[in-house]
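# I'd like to go over a predicted model; first the sequence, then the structure.
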Amino acid sequence: MRQAQLLRDSMPLLVFGLILTFFSSFGQTFLLSLYVPSIEALLGISNTAFGSLYAVATLSSAFTLPWLGGRFDRMPIRGYTLMVLLGLTGSLVLLSSARHIAVVVIAFYGLRLFGQGLMSHTAVSAMARYFRANRGKAIGIATLGHPVGEATLPLLVTLLIGGFGWRSTLQFSALSIAVFVLPVSLILLRGAKGRLEKFEAAKEASDKAGGNRTIWQLISERRFWIITPLVFMTGYTNTAIFFFQLKLGAARDWSAEWVAGSLSAFALASALGMAGVGPLVDRLSGKRLFPAYMIPYVVGLVLLVLFRQAWSYPVALLFMGLANGSGSTIKNAMLAEVYGIQIIGKVRSVFTTVMVISTALGPISFGVLLDAQYSFSWIFVLVAAVVMLTILNGWRRLDG
């Protein structure tokens, strides 16, 4: 009976998180890439030029995140959510009307900031802040929106672009945020009023426990440099592999259809990892499980080094997706345990910045190595070695 009551009280906030992570897809590379051919044709620029502009927008959003993400700790969550959703809606509308390169860059900056960055940041920070005993389960459930978006939205967006054009598709996306996500999110937060008020009542005491640390103080701490390398390498490697996956397939005689279809293995394993590890986090803590979750990732990289058969790609992605999904839950629970919930917005925004920077640098560095005639196998050996070093570094004590 008590468990049913707890689930009923928690449901509005869990659905709120799930909706935000799902619709964060509107600012993710896997979805924005579907608009690239149309925008390149509009502007008349090359792949290299467009990639450079996209990197500029992504890095600019990354450096804005610590400032805007930290406001999560100081603003009421309803007001913060409203700001983020309006920012994403405006960016979608701006891109849909773009006819000049400067407008495209500004729109991509907004999509990366409000979509990829702050939508996910708001959802996960809310789970970490408002759930204590069941924090791992809450984060795992809320972040399921990411793999669900990866599995469903690309096909839907592709069909909409083919049927109505890229501008109308962006406008449909903006409309879905304005008429569905925004009002439903505010209604769900109103339904979670009891849980939110309970936190706010204790917030003043929590603030006295160290909530005034600056970003520079956080960065100067030893534990920041234990956590950061793993956060960086996850985003760096995921983005680089997915960015060059068709080239990898061509180098190993895999069909484009096989490569694209293999992504479902990553999405499925990621979803299982996110939700499945939650009870374990609640029982053992995120600190105890960090950084062991990355070991399957190394297994996936080793498979790509040792085998060239087509089956090796989805199997490798299964291991990598498992690490990616479980790591999302473990890392976010660990950050709340290590830094405390009174500054979780500021802390998560700093590490989200690290992740976004890594997603910008991954494709660039892989491209440099490939242009220098290094094979994919040698690149994966190098990356696996670096990931192993970050795992060893991550096993140092996080206290202090």
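All right, it came through fine. Numbers count the residues shown, from 1 in each chain.
# residue ranges of the strands in this protein, please?
Counting by DSSP state E, the chain forms no strands at all.
# where do the helices sit along the stretch 101-250 of the chain?
Assigned by DSSP state H, counting those that start in this stretch, the helices in the stretch 101-250 of the chain fall at 101-110, 120-130, 135-142, 145-164, 166-176, 182-191, 193-207, 215-220, 222-243, 245-251.
# other SSEs contacting the shortest one?
Helix 215-220 is packed against helix 344-371, with contacts defined by 3 or more Cβ pairs under 8 Å, 6 or more residues apart in numbering; DSSP states H and E. C-beta: built from backbone N, CA, C; applies to glycine.
# what residues of the helix it packs on count as buried?
If you call a residue buried by 16 or more other Cβ atoms under 10 Å, then helix 344-371 has these buried ones: 344-363, 366-367, 369-370.
# same check on stretch 177-197?
Buried residues in stretch 177-197, defined by neighbour count with 16+ other Cβ under 10 Å: 177-178, 181-182, 185, 188-189, 191-192, 195-196.
# relative to the whole chain's centre, how far out is it?
On the basis of Cα atoms, centre = their mean, to the nearest Å, stretch 177-197 sits 22 Å off its chain's mean C-alpha point.
# repeat for stretch 26-39
Between the centre of stretch 26-39 and the centre of its chain there are 16 Å (Cα atoms, centre = their mean).
# repeat that for stretch 40-57.
In terms of Cα atoms, centre = their mean, the centre of stretch 40-57 is found 23 Å from the chain centre.
# contact partners for residue 186?
Taking Cβ atoms under 8 Å, 6 or more residues apart in numbering as the definition of contact, the neighbours of residue 186 are 78, 81-82.
# you'd agree residue 223 is up against residue 337?
No - using Cβ atoms under 8 Å, residue 223 is not in contact with residue 337; the gap is 11.2 Å.
# find residues that contact each of these two.
With the criterion set as Cβ under 8 Å, 6+ apart, the contacts of residue 223 and residue 337 do not overlap.
# residue ranges in the chain under the pLDDT threshold?
Residues of the chain that meet the criterion pLDDT under 70 lie in 1-9, 47-48, 193-213, 399-400.
# excluding chain neighbours, what is closest to residue 285?
The shortest distance from residue 285 to any residue that is not its chain neighbour, by Cβ to Cβ, 6 or more residues apart in numbering, is 6.0 Å, and that residue is residue 337.
# and for residue 240?
The nearest residue in space to residue 240 (Cβ to Cβ, 6+ apart) is residue 362, at 3.5 Å.
# give me every residue that touches that neighbour.
235-240, 243 are the contacts of residue 362 under Cβ under 8 Å, 6+ apart.
# any idea how far residue 68 is from it?
Between residue 362 and residue 68 the distance is 23 Å, computed by Cβ to Cβ, to the nearest Å.
# could you measure from residue 163 over to residue 169?
9 Å.
# in stretch 296-311, which residues are buried?
Counting neighbours by 16+ other Cβ under 10 Å, one finds that the buried residues in stretch 296-311 are 296-301, 303-305.
# between the helices of the stretch 101-250 of the chain, which gets nearest to residue 54?
Ranking the helices of the stretch 101-250 of the chain by distance to residue 54, with Cβ to Cβ as the measure, places helix 101-110 first at 6.1 Å.
# now do that closest one: which elements does it pack against?
Using 3+ Cβ pairs under 8 Å, 6+ apart as the test, helix 101-110 ends up in contact with helix 36-43, helix 47-70, helix 77-96.
# and the ones you listed as CSV, adding mean neighbour count and distance to residue 269?
Output for the helices and strands packed on helix 101-110, formatted as CSV (neighbours: other Cβ atoms under 10 Å; distance: least, Cβ to Cβ, whole Å):
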stretch, mean neighbour count, distance to residue 269
helix 36-43, 15, 27
helix 47-70, 18, 26
helix 77-96, 20, 28
